[in-house]
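**Student:** Requesting a structural model of the entry that follows:
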Amino acid sequence: MRFGRRQSCRPLQHLVKFYWMLEDVVATVASTELVVPDGCMEMLFHFGAPCASFADGQSGVLHPRA
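**Tutor:** Numbering: from 1, shown residues only. Next comes the predicted model:
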């Protein structure tokens, strides 16, 4: 798994602080991630296998591919 952060290009810096990137070639085990609110809006560009969000810890919402 590869994880990184990249600053946006100069024309977008007043709108986009940075891009978080996560790459995983093969997801062999389902995993969860706790996300703590930070006041920033997030946008997901998903190009891989289906993934889901679990807001209440039980029911999942499947994200469409980008």
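
**Student:** got the contact list for the lowest-mean-pLDDT helix or strand in the chain?
**Tutor:** Every helix and strand in the chain was compared by mean pLDDT, DSSP states H and E; the lowest is strand 51-54, with a mean of 74. With CB atoms under 8 Å, 6 or more residues apart in numbering as the test, strand 51-54 has contacts from 32, 60-63. Glycine gets a C-beta too; all of them are placed from N, C-alpha and C.

**Student:** Now the spatially most central residue of the chain: closest residue in space, sequence neighbours ignored.
**Tutor:** Geometric centre of the chain, nearest residue: residue 44, 5.0 Å, by CA atoms, centre = their mean. Using CB to CB, 6 or more residues apart in numbering and skipping residues adjacent in sequence, the residue nearest residue 44 is residue 63, 6.5 Å away.

**Student:** That neighbour pairs with what?
**Tutor:** residue 51 (DSSP bridges).

**Student:** What is the neighbour count of it?
**Tutor:** Using other CB atoms under 10 Å, residue 63 has 12 neighbouring residues.

**Student:** and it, what does it touch?
**Tutor:** By CB under 8 Å, 6+ apart, the contact set of residue 63 is 44, 46, 50-53.

**Student:** ok, residue 16 - how many residues close by?
**Tutor:** Counted by other CB under 10 Å, the residues lying close to residue 16 total 13.

**Student:** ok, now residue 40?
**Tutor:** So residue 40, with other CB under 10 Å, has 7 neighbours.

**Student:** Check the one 5 residues further on too.
**Tutor:** If you count neighbours by other CB under 10 Å, residue 45 ends up with 8.

**Student:** if I've got this straight, it is in a strand?
**Tutor:** No - Residue 45 is assigned coil when assessed by DSSP: H, G, I helix; E, B strand; the rest coil, not a strand.

**Student:** Good, wrapping up.
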